[in-house]
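Undergrad: sequence plus the predicted model coming up.
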Amino acid sequence: MLLKGFEIEMYTGTASGEIVGLSDQITASLDGYVREPDSRNVEYITAPSHNYDQLLCAILRPRLKLREYLQQLGDYTLIPGSTLSLGGSDRFFRSDPQNPYHTYIEQTYGTKVVTASVHINIGIDDPELLMRACRLIRLEAPLFLALSASSPFLEGKASGYHSTRWGVFPQTPAHVPLFSSHSDHIQWVEQQLADGTMQNVRHLWVSVRPNGDRRPYDLNRLELRICDLVTDPISLLAITALLEARLLQLIANPQLDPLTQSTFSPEELISLTATNEIAAATSSLDAQLVHWQDGRTITARNWITELYQQVWSIAKQHGFSCFLSPLQRILREGNEAQQWLQLHAVGFDAKTTIIQAVRATQEREVELEDKLCVSSVA
């Protein structure tokens, strides 16, 4: 099994769904939390682990600790969703006014970047294998967006997207190729830095990127950045299990490479996946996508089902199929955005829907902690 870890961004606010900037107080008082450019969301990072049971507690514990602290500050809580669902997109609330990179972000992108999400990191040490993994997962990233979509509202209204976050997020630089090798990636990043299209090595905002301690030279993990915030830890682990199983399949099969196994050219693949990402952001599991291997049209739900059937035996062989199986519930019942939109369709307004989700998220965390993490906490 591969090492796995998460970077989880969440909004803070009131039980009525109002998002309130508290990250400066949180990061000053608690270890393990990181500021984003806007103070209304805060990030925590889990330690890498091979073990899914440990990851579950690593997701839950910081969140429970954060909730306790928020209660000390006032009647504050954590707000699900990946956009400013009920309002506040008209202005930026700086968490660190002296940070020049944050100034650049605010002036260049505005509140389009004030989103919450989860970045899934999977350890791969071999740089050439990592590049092949990034090529494959870049083309299948729309499937992970379809599973995770949780931002159908903006400014109190249904936006027309299931993932408003990815629909409006400024992917940067505007064109990122499928890197043919590690040296190709290094050369490209150095050129972007020289040209100013990237402000620093972190300023590569694309669905999937190679990551490591000294980018772009020392790389040790794939970072999937496309996912909206998945509040339910069991669902997040199921999505992660699909990603890990697919990567294990790739490792076992060197031929599984879009540069050699597709009827499309590399440039056509980039165009295809950009179109697929917008389709997934708009309709998530119901999106009509174009398959990178043979060009056939297929719904995201059916493509995910095909992948699930391909990798189930791999997950079982490595002992984590029980964490993969909840994916079937997401395919059957819909992701968070689809569930919210179902409520919206029968008369619940955005605010009522978010208030209900705030309560359900906290209840789910308590349920899981009581069942699964009590012994290890004690």
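TA: Done, it's in. Numbers count the residues shown, from 1 in each chain.

Undergrad: can we go C-alpha only for contacts and neighbour counts from here?
TA: Will do.

Undergrad: need the contact list for S262.
TA: For S262, the set of contacting residues under the criterion of CA atoms under 8 Å, 6 or more residues apart in numbering consists of W292, Q293, D294.

Undergrad: list only those of these flagged as buried.
TA: Buried by 16 or more other CA atoms under 10 Å: W292, Q293, out of the contacts of S262.

Undergrad: ok, the contacts of S262 vs G13, which is closest?
TA: For those, the residue nearest G13 by CA to CA is W292; the value is 40.9 Å.

Undergrad: helix, strand or coil for the closest one?
TA: coil (DSSP: H, G, I helix; E, B strand; the rest coil).

Undergrad: compute the number of surrounding residues for S265.
TA: The burial metric for S265, expressed as a neighbour count using other CA atoms under 10 Å, is 12.

Undergrad: how about low-confidence regions in this structure?
TA: Across the chain, the stretches falling below the confidence threshold (pLDDT under 70) are 374-378.

Undergrad: where do the strands sit along it?
TA: Using DSSP state E, the strands of the chain run over 4-14, 33-35, 41-45, 76-79, 118-123, 153-154, 157-158, 208-211, 221-224, 288-290, 297-299.

Undergrad: out of those strands, which is closest to L256?
TA: strand 221-224 (16.4 Å).

Undergrad: in that closest one, what counts as buried?
TA: Within strand 221-224, the residues that qualify as buried by neighbour count (16+ other CA under 10 Å) are R221, L222, E223, L224.

Undergrad: please report how far T12 lies from R40.
TA: 6 Å (CA to CA, to the nearest Å).

Undergrad: got any residues that touch both of these two?
TA: When contacts are counted by CA under 8 Å, 6+ apart, the set common to T12 and R40 consists of I19, V20, G21, L22.

Undergrad: among those residues, which one sits closest to K157?
TA: Taking CA to CA as the measure, K157 sits nearest to I19 out of those, at 15.6 Å.

Undergrad: so what's that closest one closest to, chain neighbours aside?
TA: Of all residues not flanking I19 in the chain, G13 sits nearest, at 4.1 Å (CA to CA, 6 or more residues apart in numbering).

Undergrad: residues in contact with that neighbour?
TA: For G13, the contact set (CA under 8 Å, 6+ apart) comprises I19, V20, G21, R40, Y76, T77, L78, I79.

Undergrad: what are the bridge partners for it, then?
TA: According to DSSP bridges, I19, T77 are recorded as the beta-bridge partners of G13.

Undergrad: if I look at it, how far off is S23?
TA: Distance check for G13 against S23: by CA to CA, it reads 11 Å.

Undergrad: now for these two: what residues contact both?
TA: Taking CA under 8 Å, 6+ apart as the criterion, G13 and S23 both touch R40.

Undergrad: I'd like to know how many residues surround the nearest residue to P142 once chain neighbours are set aside.
TA: Distance criterion CA to CA, 6+ apart; nearest residue to P142, sequence neighbours excluded, is E277 at 4.9 Å. Taking other CA under 10 Å as the criterion, the count of residues near E277 is 26.

Undergrad: what's near enough to touch E277?
TA: Contact analysis of E277 by CA under 8 Å, 6+ apart lists A141, P142, L145.

Undergrad: hmm, back to that, specify which member of the contacts of G13 is nearest to Y308.
TA: After measuring these against Y308 - CA to CA - the closest member comes out as I79, at 30.5 Å.
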